[in-house]
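my questions are about this predicted structure, shown below with the sequence.
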Amino acid sequence: NAGVTQTPKFQVLKTGQSMTLQCAQDMNHNSMYWYRQDPGMGLRLIYYSASEGTTDKGEVPNGYNVSRLNKREFSLRLESAAPSQTSVYFCASSEAHRRVREQFFGPGTRLTVL
Amino acid sequence: GQQLNQSPQSMFIQEGEDVSMNCTSSSIFNTWLWYKQDPGEGPVLLIALYKAGELTSNGRLTAQFGITRKDSFLNISASIPSDVGIYFCAGQLGSGSARQLTFGSGTQLTVLP
């Protein structure tokens, strides 16, 4: 099992460009999450998907959109990147949403917006 | 949103020493988790706590769920160089916000040889 995989590992964008971050899990988990990590601020939830076909906003959703493509895949899209979106993005998954307690994380995507 | 206060922000210790870090919140949580993050990697779950007062060990790591349900601590005994990294606490609220984890800002641990 690869667990949670993310692509790309690194990305540099110019302000206004768009891109999609990909995430996939092979653990047959129902729930998936997107976080951003900024220095000294821990992880903040952007969007989550409790189950295939549903998505909900987290703490910091502005400027992002998500798609739960199927049970395995959950993508994060930046339509018009801004320097404030420079961050490390982590995808996570968990087995059952109402027992969200244990989340397993991918290796992260390091995004720089110039 | 909810906030967790994690302390200390950073620690420098000698190899072999014990380490203690904690998280406090103004809100009651029904789950506490402790994660470790190595440089360039995602967080990895170390210990999960589900009941107030629970004390759980994982090798040299011990964590406790505070009886008030508003705090938790993590101890590492006899530290070794591979303990270096950032340690995060995370709490899950009860019903109504049960879907989300709230993370502390992390404790950066450096172990000196």
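Yes, it's here.

near chain A, which residues of chain B are found?
With Cβ under 8 Å from any Cβ of the partner chain as the criterion, chain B meets chain A at residues B:1, B:4, B:6, B:9, B:31, B:33, B:35, B:40-45, B:48, B:50, B:88, B:90, B:92, B:98-101, B:103-106. Heads up, the C-betas are built off the backbone N, CA and C, glycines and all.

narrow these to those in helices?
Among the residues of chain B next to chain A, none falls in helices (DSSP state H).

buried subset of those?
The neighbour count (16 or more other Cβ atoms under 10 Å in any protein chain shown) marks B:4, B:6, B:31, B:33, B:35, B:42-43, B:45, B:48, B:88, B:90, B:92, B:99-101, B:103-106 as buried among the residues of chain B next to chain A.

strands - which of those land there?
Counting by DSSP state E, the part of those found in strands is B:4, B:6, B:31, B:33, B:35, B:45, B:48, B:88, B:90, B:92, B:101, B:103.

surely A:R72 and A:A24 touch.
Yes: here A:R72 reaches A:A24: they are 5.1 Å apart, a contact under Cβ atoms under 8 Å.

measure A:S49 to A:S75 for me?
In this view, A:S49 and A:S75 are 10 Å apart by Cβ to Cβ, to the nearest Å.

on that earlier part again, redo the ones in strands among the buried ones among the residues of chain B next to chain A as TSV? Include pLDDT.
As requested, these are exported to TSV (pLDDT from 0 to 100):
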residue	pLDDT
B:L4	87
B:Q6	95
B:T31	89
B:L33	92
B:Y35	95
B:L45	91
B:A48	90
B:F88	95
B:A90	93
B:Q92	84
B:L101	84
B:F103	91
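
can you put the residues you listed in CSV and add distance to A:C91?
Formatted as CSV, those follow (distance: Cβ to Cβ, whole Å):
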residue, distance to A:C91
B:L4, 21
B:Q6, 23
B:T31, 21
B:L33, 17
B:Y35, 15
B:L45, 15
B:A48, 20
B:F88, 16
B:A90, 16
B:Q92, 19
B:L101, 14
B:F103, 15
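
identify the residues contacting residue 67.
Because you didn't say which chain, this covers chain A. Counting by Cβ atoms under 8 Å, 6 or more residues apart in numbering or on different chains, A:S67 makes contact with A:55, A:74-75, A:77.

not what I meant, chain B
Counting by Cβ under 8 Å, 6+ apart, B:I67 has contacts B:52-53.
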